[in-house]
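Student: coords please:
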Amino acid sequence: MDTLQCIHTRRSVRKFTEEPVSREHIMEILDAGRWAPSGLNNQPWRFVIVRSHESRKKLSELTKYGKVIENAPVSIAVLIDKASMYNETKDHQGIGACIQNMLLATHALGLGAVWLGEILNRADEALVVLGAGIEMNLMAVLALGHPASEKHSSQRKDLGDLIVREL
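Tutor: You can find the predicted model right below:
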């Protein structure tokens, strides 16, 4: 799949089969995140792989989208290492690029994923479940697996509506 096709066809997937995700695929997804751009190449992202049903269940109780986490074969918590940060805005932008790379890699591998941010409302509790220390902040959780359905649609605003002006 070429890059533009991957970008244009990727959709958020919230329902998965029970088929496990291979460790090789998880490592490829994390590696794609690792190659995201970051200011000063500081690479402030860190990951917690959540595979066990017990841990996914505990994490799922911290968000109104808990069923997505509980039913996905694997979730990946994306953290930011506060000690690695040098500029909050740039580092958060880098985390966004990291997450997007991971979502695109997931799609390119024939898997599906969804970026969950609502869990940030209970980030401190999530960090305890994840076993992450106070030097970390939770940025997102990606739930991923083999899509239960091939039908995923999305709408986008007309490009002309998004361009403010051309100088």
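Student: need the next SSE after the longest helix along the chain, C-terminal direction.
Tutor: Across the chain, the longest stretch assigned as helix under DSSP state H is helix 88-108. Sequence-wise, the next helix or strand downstream of helix 88-108 (DSSP states H and E) is strand 112-116.
Student: output that next one as CSV - backbone C-alpha positions only.
Tutor: Written as CSV, here are the backbone C-alpha positions of strand 112-116 (Å, rounded to 0.1, in the frame of the first residue of the first chain):
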residue,chain,number,x,y,z
GLY,A,112,-7.3,-1.8,12.7
ALA,A,113,-6.9,0.6,15.6
VAL,A,114,-8.5,3.6,17.3
TRP,A,115,-6.9,6.5,19.1
LEU,A,116,-8.6,6.9,22.5
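Student: which strands or helices does that strand pack on?
Tutor: In terms of contacts (3 or more Cβ pairs under 8 Å, 6 or more residues apart in numbering; DSSP states H and E), strand 112-116 is packed against helix 66-71, helix 88-108, strand 136-145. Any C-beta I mention is one placed from the backbone N, CA and C, and that applies to glycine too.
Student: the first one: which residues count as buried?
Tutor: Counting neighbours by 16 or more other Cβ atoms under 10 Å, one finds that the buried residues in helix 66-71 are Gly66, Val68, Ile69, Glu70, Asn71.
Student: the closest residue to the third one other than its chain neighbours: neighbour count?
Tutor: Of all residues beyond its chain neighbours, the one nearest Ile69 is Ser60 (4.2 Å), with distances taken as Cβ to Cβ, 6 or more residues apart in numbering. Taking other Cβ atoms under 10 Å as the criterion, the count of residues near Ser60 is 24.
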